[in-house]
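Visitor: could you work out the structure for the sequence below:
(chains A and B)
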Protein chains: 2
Amino acid sequence: MKKEPYRVNLPESGMVDYWYNVRVDMKERHDPYLNPGTGKPLKKEELLPVFCAQSVEQEYNETDRHISIPGGVMDYYRTFRPSPLVRAFNLERELDTPAKIFFKFEGGNTSGSHKLNSAAAQAFFAKEQGLKGLATETGAGQWGTALSMACAFYGLDLTVFMVKISAQQKPYRREVMRTYGAEVIESPSPFTGVGKRMLARDPESGGSLGCAISEAVERAVSTSGVRYALGSVLNHVLLHQAVIGSEAKRAMEQLGEYPDVVIGCAGGGSNLGGILCEYMAERLSGKSKVRFVAAEPSSCPSLTRGKYAYDFCDMGHVTPLAKMYTLGSGFLPSPIHAGGLRYHGMSPVLSKLYHDGYIDKAVAVPQNAAFAAAKHFARAEGILPAPESAHAIAAAIDEAMAFKERGERGVILFNLSGTGYFDMAAYAAYNEGRLTDHIPSDGELEQGFAGLREIAANAGQESV
Amino acid sequence: MKKEPYRVNLPESGMVDYWYNVRVDMKERHDPYLNPGTGKPLKKEELLPVFCAQSVEQEYNETDRHISIPGGVMDYYRTFRPSPLVRAFNLERELDTPAKIFFKFEGGNTSGSHKLNSAAAQAFFAKEQGLKGLATETGAGQWGTALSMACAFYGLDLTVFMVKISAQQKPYRREVMRTYGAEVIESPSPFTGVGKRMLARDPESGGSLGCAISEAVERAVSTSGVRYALGSVLNHVLLHQAVIGSEAKRAMEQLGEYPDVVIGCAGGGSNLGGILCEYMAERLSGKSKVRFVAAEPSSCPSLTRGKYAYDFCDMGHVTPLAKMYTLGSGFLPSPIHAGGLRYHGMSPVLSKLYHDGYIDKAVAVPQNAAFAAAKHFARAEGILPAPESAHAIAAAIDEAMAFKERGERGVILFNLSGTGYFDMAAYAAYNEGRLTDHIPSDGELEQGFAGLREIAANAGQESV
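Guide: Okay, the predicted model is just below:
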């Protein structure tokens, strides 16, 4: 037996019972959300018809560093948390790297991803508020699955608008949601105004995340006792995901380890935003020199090739404006298999941290490289990663090889946010050499940026 | 926070490092395997061309109570063991039962089941013996997936003969195996004599587990440096699975709990045989009055409606004869979704224990009842169970309700052997009311029993 443990399972008795609010530690806060109609900062009250009241509170909370996790959420967290911190001994040996590679494994629950951390909180808030149910959208399916599980646990109704093409490509994801009691509606649907208009224009439309968001919001605001829930991008979602990083830090401390670099994949930001929180606080206060790396898909490179500007959070322009790294809400990313990273923008908090230099590096990973890393990892460590998480693995392997080239010891921590059990069609495409790498041309990006200039003009902002 | 923990994760530093050999404690050993040609007890040497030498050693070992797990196997076990023992608090509350319900969760690894415990051992033995690779068959896919992972870890080739109809129904299971580097061949195949004969008779054959076993054995014995590996039924497989029960017992002791009843689903026996071992030893020695319940499918009721007799382990009659509860190797079970329980016989060790009254009860569960229990459990406890494990859940719920009716406190422990992520087509059928319960008539069973009488006559045994 090796003396150093492979996995650290924190004791349940000492579970992390707070969400760490990294915004309190930021040198500067992110620019406020704007009402696109007035160009003025969005007020809390404007969000109350859409989201649960407690989610809105948290969205605006920039003063409480540790926010207690309610007992009712802890009751549910106990069914799948703490999640293990794992040392990738086998991968290290195969890479022959002097670096230690640790990962936080968030895929051990049935939803197969970290999304359950925020689903639990949002469903609990809905229950506490006396609501009847929630509405949401899902693309790749992780978020919809997580919210289905949480709503089953708390006894809430749930309607999931699932992007039609995804529902057809991933019928088993849909079936998991149905098994947990959710109503799954293919989007565009004939049940909302947005959906009807979309279908009138194109009856064969496969849908898009933007359209599904709009349908879910419409359903929520037009149905008594129902609110909308979102699984990424927003502050309160990142807050709930902070439990990942707080647990990781505690487990690393138990091993006497401190990371030189922390890595997460980056779509809307819930993944990287989840693992970096407490380490970021130490970096911001000057206590630590830990570096942060965001791994995004080459096909949807909001950090590496996007603009830092005000933009809509959705393609249907029903949401407020957020200042963030974005490719423009009109940019349509290629249909890659890491559907969870296929988002035009990036969390305003992470965008601000990146803009101010506290997230040190963003790397764009082509999907073939991501799957190569995933397969390498699966064979060495057993766990079959989600395509999204594979981007973080690819970045972690690159960092490990860089330590090797420099002849330096180093400690790498990455977030293994999910498993790939429902992504085997994607693995098949990779195994059979059928995957293509989609890298948008400058011309393609320019179309999205044109929309940003228009938004800036309308909102009275400097042009981008 | 409740004071009693939800999950017990045993510390890695105190991992169970032995396989408990329950045969040493049995009052009487099971009758020997017979060579079907001679009717005489099978010699070790006759198995050496088929299985790894170490597996054969263990198959015959009735003297060593604790068999050390080799360091090379422990290295792999550390990537997915110890598995958690979980208290089903939410299910208890919903059932309003005074009984405590615990389960050992073996589905947390990527193979999605307990099968990896034996796959790790058998692949390690092959590596140590200097073999090039292994051959096996898979029906439902759990065993094939597990052995693919283990062979990837130890750097061995693997050929999996997958029942054609299963491969077509579960393309994603096949893809997981391919991702871990296994060659997956649909059975019947044109690559073996058995397969060719089968295809000549019926080119459209969807195959059967019996045929796939025969193809895998043929491939193993006819290929230099390759042996065959089996995932259930045999003594050495049950031995490897004993790690489940040893861990469960240690975790229960940590909680100060002792079960009144231990439950496992029963197909070939690796599941129930895995969890009962050390508790059975205490029952056999008179230290304990713990009861044991086997949960089998109504469609394939070897314990509840079978005969205790000598039979072939496969439909193709290439294996030795084993004394076991069996429906006859000619019995063709209906195509239920719990493919892992669709086996005509039962482990000789478990058969003997049942025959001698140490396994107290066998219950036959119709598949609709199994899925109803699975869905109830999933919503309460989060985990989506495999259809096989659902049989144990159904039995556990029945036991919990019986404690409630008697107004008795009680402690229930069951083996949650796997997850249902690759069984969503089955859940869809259940969700849509399309599942039928297949309960064989006495006439259907009689066909299988006729074969048993013939075997008895040929082997010079008393008729059944």
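Visitor: give me the phi and psi for residue A:308.
Guide: Residue A:308 adopts backbone torsions of phi -90, psi 100, taken as degrees, to the nearest 10.
Visitor: what count of nearby residues applies to it?
Guide: 19 (other C-beta atoms under 10 Å in any protein chain shown). (C-beta placed from N, C-alpha, C; glycine too.)
Visitor: likewise for residue A:41?
Guide: Each residue near residue A:41 was counted by other C-beta under 10 Å, and the total is 12.
Visitor: give me every residue that touches it.
Guide: By C-beta atoms under 8 Å, 6 or more residues apart in numbering or on different chains, the contact list for residue A:41 reads A:32-35.
Visitor: could you double-check that residue A:228 lies in contact with residue A:50?
Guide: Yes - the pair residue A:228 and residue A:50 qualifies as a contact (C-beta atoms under 8 Å) at a distance of 5.1 Å.
Visitor: looking at those two, which one has more neighbours?
Guide: residue A:228 (22 against 19).
Visitor: just give the nearest non-adjacent residue to that one, would you?
Guide: residue A:220 (3.7 Å; C-beta to C-beta, 6 or more residues apart in numbering or on different chains).
Visitor: quick one: classify the one you found as helix, strand or coil.
Guide: Using DSSP: H, G, I helix; E, B strand; the rest coil, the structure places residue A:220 in helix.
Visitor: roughly how far apart are it and residue A:306?
Guide: Separation of residue A:220 from residue A:306 (C-beta to C-beta, to the nearest Å) stands at 29 Å.
Visitor: compare the two (neighbour count), which wins?
Guide: residue A:306 (27 against 22).
Visitor: for the more buried one, give me the pLDDT.
Guide: At residue A:306, the pLDDT value in this model is 97.
Visitor: just the closest residue of the stretch 151-300 of chain A to chain B, please.
Guide: Chain B sits closest to residue A:172 of the stretch 151-300 of chain A, with a gap of 3.7 Å, by C-beta to the nearest C-beta.
Visitor: counting by contacts, list what the helix or strand that contains that residue packs against.
Guide: Assigned by DSSP states H and E, residue A:172 belongs to helix A:171-179. On a contact count with 3 or more C-beta pairs under 8 Å, 6 or more residues apart in numbering or on different chains; DSSP states H and E, helix A:171-179 meets helix A:142-154, strand A:157-163, helix A:164-169, strand A:183-187, helix B:424-431.
Visitor: and the second one, which strands flank it?
Guide: Paired with strand A:157-163 in the same sheet, following DSSP bridges, are strand A:133-138 (parallel), strand A:183-187 (parallel).
Visitor: turn those into TSV, columns for distance to residue B:155, mean pLDDT and mean neighbour count.
Guide: Below are those laid out as TSV (distance: least, C-beta to C-beta, whole Å; pLDDT from 0 to 100; neighbours: other C-beta atoms under 10 Å in any protein chain shown):
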stretch	distance to residue B:155	mean pLDDT	mean neighbour count
strand A:133-138	39	97	28
strand A:183-187	43	96	22
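Visitor: can I get these in a markdown table with distance to residue A:342?
Guide: Formatted as a markdown table, the strands paired with strand A:157-163 follow (distance: least, C-beta to C-beta, whole Å):
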| stretch | distance to residue A:342 |
| --- | --- |
| strand A:133-138 | 12 |
| strand A:183-187 | 15 |
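Visitor: residue A:153 is nearest to which of those?
Guide: Ranking those by proximity to residue A:153 (C-beta to C-beta) places strand A:133-138 first, at 12.6 Å.
Visitor: and that closest one with helix A:171-179, angle?
Guide: 170 degrees (axes from the mean of the first three to the mean of the last three C-alpha atoms, to 10 degrees).
Visitor: pLDDT weak spots in chain A?
Guide: Along chain A, segments meeting pLDDT under 70 span A:1-3.
Visitor: list phi and psi for the residue most central in space within it.
Guide: Here the mean C-alpha position of chain A is nearest to the C-alpha of residue A:270 (C-alpha atoms, centre = their mean), at a distance of 3.1 Å. Main-chain torsions, residue A:270, degrees, to the nearest 10: phi -70, psi -20.
Visitor: now the strands for the stretch 251-400 of chain A?
Guide: Taking DSSP state E, counting those that start in this stretch as the test, the strands found in the stretch 251-400 of chain A are A:261-265, A:291-297, A:307-312, A:321-326, A:361-365.
Visitor: who does the last one touch, helix- and strand-wise?
Guide: Read it as strand A:361-365. By 3+ C-beta pairs under 8 Å, 6+ apart, strand A:361-365 packs against strand A:291-297, helix A:302-305, helix A:387-406.
Visitor: nearest to chain B: which residue in the stretch 301-450 of chain A?
Guide: Closest point on the stretch 301-450 of chain A to chain B, by C-beta to the nearest C-beta, is residue A:424, at 3.6 Å.
Visitor: what sits against the closest residue to that residue other than its chain neighbours?
Guide: Excluding the flanking residues, the one nearest residue A:424 by C-beta to C-beta, 6+ apart is residue B:172, at 3.6 Å. Contact partners of residue B:172, counting by C-beta under 8 Å, 6+ apart, are A:172, A:421, A:424-425, B:422.
Visitor: as CSV, the residues you listed with distance to residue A:74 would be great.
Guide: Compiled in CSV, those are given as follows (distance: C-beta to C-beta, whole Å):
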residue, distance to residue A:74
A:172, 31
A:421, 27
A:424, 34
A:425, 37
B:422, 32
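Visitor: need the residues of the stretch 301-450 of chain A near chain B, please.
Guide: A:375, A:378-384, A:419, A:421-422, A:424-425, A:427-428, A:431 (C-beta under 8 Å from any C-beta of the partner chain).
Visitor: ok, of these, which come out buried?
Guide: Buried subset of those (neighbour count, 16 or more other C-beta atoms under 10 Å in any protein chain shown): A:375, A:378-384, A:419, A:421-422, A:424, A:427-428, A:431.
Visitor: farthest pair in those?
Guide: Of all pairs in those, the most separated under C-beta to C-beta is A:380 and A:422 at 22.1 Å.
Visitor: hang on, the earlier thing: inside helices: which ones of the buried ones among the residues of the stretch 301-450 of chain A next to chain B?
Guide: Judged by DSSP state H, those include A:375, A:378-381, A:424, A:427-428, A:431 as members of helices.
Visitor: which one among these gets closest to residue B:135?
Guide: Nearest to residue B:135, judged by C-beta to C-beta, of these is residue A:379 at 19.6 Å.
Visitor: surely the closest one touches residue B:182?
Guide: No - using C-beta under 8 Å, residue A:379 is not in contact with residue B:182; the gap is 11.1 Å.
Visitor: and residue A:95, how far is that from residue B:405?
Guide: Counting by C-beta to C-beta, the gap from residue A:95 to residue B:405 is 59 Å.
Visitor: ugh, wrong one, residue A:318
Guide: For residue A:318, the distance to residue B:405 - C-beta to C-beta - is 54 Å.
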